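# fold the following for me, if possible:
(chains A, B, C and D)
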4 protein chains.
Amino acid sequence: MLFERIDTECINDDETPWMPYTPYDENTLVKYFKIDPVRGESIVMLKSPPRGKKPKHHHTGTVIVYTIQGAWKYIEHDWTARAGSVVYETAGTVHTPIGVSDEATITLSIVTGELLYLDDDNKIIAQSNWKTNMERYLNHCKKHGITPKDLSTFAV
Amino acid sequence: MLFERIDTECINDDETPWMPYTPYDENTLVKYFKIDPVRGESIVMLKSPPRGKKPKHHHTGTVIVYTIQGAWKYIEHDWTARAGSVVYETAGTVHTPIGVSDEATITLSIVTGELLYLDDDNKIIAQSNWKTNMERYLNHCKKHGITPKDLSTFAV
Amino acid sequence: MLFERIDTECINDDETPWMPYTPYDENTLVKYFKIDPVRGESIVMLKSPPRGKKPKHHHTGTVIVYTIQGAWKYIEHDWTARAGSVVYETAGTVHTPIGVSDEATITLSIVTGELLYLDDDNKIIAQSNWKTNMERYLNHCKKHGITPKDLSTFAV
Amino acid sequence: MLFERIDTECINDDETPWMPYTPYDENTLVKYFKIDPVRGESIVMLKSPPRGKKPKHHHTGTVIVYTIQGAWKYIEHDWTARAGSVVYETAGTVHTPIGVSDEATITLSIVTGELLYLDDDNKIIAQSNWKTNMERYLNHCKKHGITPKDLSTFAV
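Have a look, this model is predicted:
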């Protein structure tokens, strides 16, 4: 049975590859540690170019963001998230991220649910979720001849 | 501080009202027990007319459904959920519910995240989440002179 | 990969057996719908004899209780949970349940984390969690020649 | 109502203090970003001296650990978690952490549920949870004349 193989696991930095955030932004790099198809939770590292702006999106679940390097903000909020900060995003919030430092911004996020990208009239134009994350990961691995890990399992 | 007031709470059946599932379906009744604005989780009772069909929707998070009365199925699955059953819906699944019994179907659901209603081309045409649930609840209370409970808090 | 087999599933009432809540209480019956070894979440139906008292316990996580039949309370709280009610138990609370109706009480609970049973001095004397639930389930199946379902998986 | 004040928030590194992990280990420093009394989830930064060993403990829920600096392992596992790694700990696992680098190890953890500290016979000798975290935080603030933030709320 599945439970007999469930255990704590470590994924080191060099065991999972950086890849471009296709098709939205080839200059932003993303790296996946875990993509949970049961609850729709992804653990994601993001490397964004200095002073970049990302599209407005709506969150269907919570997001916890730890900033490793650089600094960024949401145009909807006054605060700036600097290296060492923790941002807790509650379900149903809308955000437009911008980088505010001269170096690349690197973050680690635990994302539950989906990001729904919005146009200027707040119409949904794209979805990001565990499925699109998994697709991006598998496509990248295939393209570069990398043997993919099964990031969807907690079994060892 | 908030934590000093957090405690276990009971909401009895007659302490929260039935209301029509406006604007989508006046014949389906809904009742809210908890609407959590932090994680986007709603605890919802639904009473659907016999042999009704509901629109196709995508789930951004998990849903646990306990069937109290009646029977229903998803056209995407072979099984039928009868009274006493538990359905566990995983994140990112798409469902079109239909009633399959001659009595009304009553269910209790713990819904995390959002329902994204889809048209025939799988385009998102409407969103259901903690905000739309809260809005429906508060509008119903206002219209009928009911003093609303704060279903969004775990403080007593 | 695991994600390719994850899907929504239904467990009907007659597809999972009642069993005594050994070794603590042979007169209370329990039935498992899901036992998740990743997050430590169990979906459990409980049938308790009329006017029974259960031992005091501490919750490490949340519990959502829907009462199907009967009525019960916690000696720590004033409210009574009747059929049709929803109780939301927050993490770190301590409870001593008693039945308050002349019929058996039947509840459905979504239990996250553990129940730590306490003696009169609030010392931990026993633990209940996904592992003890799974053990009870598998032992019961073995004893009665029932082929167990893999309640630990979300794969179909 | 509470939901009207719930919003995304940032806590920067210098907005929450380091404090010793009293009463267990004065040489390990801890810093709290969020202590959620509803679900029993804490977001915690830990700074452990080089090559330190921590007591064996059982987890009642999941823990996600991101390693910021240094390296560590569990004596129960073969892998070593180095800077940049993500460890996903499943519910019900038992761990004895040791530092394996010559510099201090700094980690950020999202801890759900409790740590139950165990003696050599696997008897529970202490509990760590949102309540003991909050107590440590408030005591430290009081002792050092720091005005505490309400880390238990998601309201702004």
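
# which parts of chain A are helices?
A:130-143 (DSSP state H).

# give me the residue ranges of it where confidence is low.
Counting by pLDDT under 70, chain A contains no low-confidence segment.

# quick check: closest non-adjacent residue to the spatially most central residue of chain A.
The residue lying closest to the centre of chain A (Cα atoms, centre = their mean) is residue A:44, at 4.0 Å. Leaving aside its chain neighbours, residue A:44 sits nearest to residue A:109 (5.1 Å; criterion: Cβ to Cβ, 6 or more residues apart in numbering or on different chains). Every C-beta, even on glycine, is put in place using the N, C-alpha and C of the backbone.

# check contacts around that neighbour.
Residue A:109 is in contact with A:42-46, A:63-66, counting by Cβ atoms under 8 Å, 6 or more residues apart in numbering or on different chains.

# most neighbours, which of these?
residue A:42 (26 neighbours; other Cβ atoms under 10 Å in any protein chain shown).

# what strands line up against the strand ranked longest in chain A, and which way round?
Counting residues, the longest strand found in chain A (DSSP state E) is strand A:25-36. In the sheet, strand A:25-36 lines up against strand A:19-21 (antiparallel), strand A:41-48 (antiparallel) (DSSP bridges).

# got those as a markdown table, with distance to residue C:98 columns?
Below are the strands paired with strand A:25-36 laid out as a markdown table (distance: least, Cβ to Cβ, whole Å):
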| stretch | distance to residue C:98 |
| --- | --- |
| strand A:19-21 | 56 |
| strand A:41-48 | 38 |
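
# quick one: closest of those to residue A:88.
Among the strands paired with strand A:25-36, strand A:41-48 comes nearest to residue A:88, with 14.9 Å by Cβ to Cβ.

# contacts for the closest one, please.
A:18, A:21, A:27-36, A:54, A:68, A:70, A:72, A:97, A:99, A:104-112, A:130, A:133, B:91, D:64, D:86, D:88.

# quick one, that strand and helix A:130-143 angle?
Strand A:41-48 runs at 60 degrees relative to helix A:130-143, counting by axes from the mean of the first three to the mean of the last three Cα atoms, to 10 degrees.

# next one: strand A:41-48 to chain centre, how far?
Relative to the centre of its chain, strand A:41-48 is centred 3 Å away, using Cα atoms, centre = their mean, to the nearest Å.

# repeat that for stretch A:75-95.
With Cα atoms, centre = their mean, you get 14 Å for stretch A:75-95.

# okay, stretch A:99-117 in PDB with CA atoms only?
Presented in PDB, the C-alpha positions along stretch A:99-117 are these (Å, rounded to 0.1, in the frame of the first residue of the first chain):
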ATOM      1  CA  GLY A  99      11.300  43.900  -8.600                       C
ATOM      2  CA  VAL A 100      12.800  46.900  -6.700                       C
ATOM      3  CA  SER A 101      16.400  46.000  -6.400                       C
ATOM      4  CA  ASP A 102      19.400  46.100  -8.800                       C
ATOM      5  CA  GLU A 103      20.100  42.400  -8.400                       C
ATOM      6  CA  ALA A 104      18.000  39.500  -9.400                       C
ATOM      7  CA  THR A 105      15.300  38.600  -7.000                       C
ATOM      8  CA  ILE A 106      15.200  34.900  -5.800                       C
ATOM      9  CA  THR A 107      12.300  33.600  -3.800                       C
ATOM     10  CA  LEU A 108      11.000  30.300  -2.500                       C
ATOM     11  CA  SER A 109       7.200  29.900  -2.500                       C
ATOM     12  CA  ILE A 110       4.800  27.400  -1.200                       C
ATOM     13  CA  VAL A 111       1.800  27.900  -3.500                       C
ATOM     14  CA  THR A 112      -1.500  26.300  -2.800                       C
ATOM     15  CA  GLY A 113      -4.200  26.400  -5.600                       C
ATOM     16  CA  GLU A 114      -3.900  28.400  -8.700                       C
ATOM     17  CA  LEU A 115      -2.700  31.800 -10.000                       C
ATOM     18  CA  LEU A 116      -5.300  33.200 -12.400                       C
ATOM     19  CA  TYR A 117      -3.700  35.800 -14.600                       C
END
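
# thinking again about what came up before, for residue C:14, state which of the contacts of residue A:109 is nearest.
Top of the list for closeness to residue C:14, among those and by Cβ to Cβ, is residue A:42 at 37.0 Å.

# what sits against residue A:33?
Neighbouring residues of residue A:33 by Cβ under 8 Å, 6+ apart: A:11, A:16, A:43-45, A:151, D:86, D:88.

# same thing but at 7 Å, please
By Cβ atoms under 7 Å, 6 or more residues apart in numbering or on different chains, residue A:33 lies in contact with A:11, A:16, A:43, D:86.

# for those, which one is nearest residue A:141?
Residue A:141 lies nearest to residue A:16 out of those, by Cβ to Cβ, at 10.0 Å.

# how about that closest one: what's its closest non-neighbour residue?
What sits nearest to residue A:16 in space, not counting adjacent residues and going by Cβ to Cβ, 6+ apart, is residue A:31, at 5.5 Å.

# which parts of chain A sit against chain D?
Within chain A, the residues that sit near chain D (Cβ under 7 Å from any Cβ of the partner chain) are A:6-13, A:33-34, A:43, A:64, A:66, A:77, A:79, A:81-82, A:84-90, A:93, A:108, A:110, A:154.

# please, where are all the strands along chain A?
Under DSSP E, chain A gives strands at A:9-11, A:19-21, A:25-36, A:41-48, A:57-59, A:63-69, A:71-74, A:81-82, A:86-89, A:94-95, A:97-99, A:105-112, A:115-118, A:124-128.

# looking at the ones you listed, which is nearest to residue D:123?
The nearest among the strands of chain A, by Cβ to Cβ, is strand A:9-11 at 27.5 Å.

# centre of the chain to that closest one, how far?
Relative to its parent chain, strand A:9-11 has a centroid offset of 18 Å by Cα atoms, centre = their mean.

# please apply the same query to stretch A:35-43.
In this view, stretch A:35-43 has its centroid 11 Å away from the chain centroid, taken as Cα atoms, centre = their mean.

# first-to-last residue distance for that stretch?
Terminal residues of stretch A:35-43 lie 7 Å apart, using Cα to Cα, to the nearest Å.

# leaving out sequence neighbours, find the closest residue to residue A:75.
Spatially, and ignoring its direct neighbours in sequence, residue A:75 is nearest to residue A:96 (4.6 Å; Cβ to Cβ, 6+ apart).

# quick check, the one you found in contact with residue A:74.
Yes: proximity of residue A:96 to residue A:74 meets the contact threshold set by Cβ atoms under 7 Å, at 6.1 Å.

# more crowded one of those two?
A direct count of neighbours by other Cβ under 10 Å for residue A:96 and residue A:74 places residue A:74 higher, at 21 against 15.

# give me the distance between the more buried one and residue A:84.
According to Cβ to Cβ, to the nearest Å, residue A:74 and residue A:84 sit 18 Å apart.

# same thing with residue A:114?
28 Å.

# these two: which is more packed in?
Neighbours per residue, other Cβ under 10 Å: of residue A:114 and residue A:84, the larger number sits with residue A:114, 29 against 20.

# OK, contacts around that one?
Residue A:114 neighbours (Cβ under 7 Å, 6+ apart): A:60, A:127-129, B:60.

# and it, its phi and psi?
Backbone torsions for residue A:114, taken as degrees, to the nearest 10, come to phi -130, psi 160.

# verify the stated contact: residue A:54 with residue A:105.
No: contact between residue A:54 and residue A:105 fails when scored by Cβ under 7 Å: they sit 10.3 Å apart.

# who has more neighbours, those two?
Here residue A:54 and residue A:105 are compared on neighbour count by other Cβ under 10 Å; more neighbours surround residue A:105, at 26 against 20.
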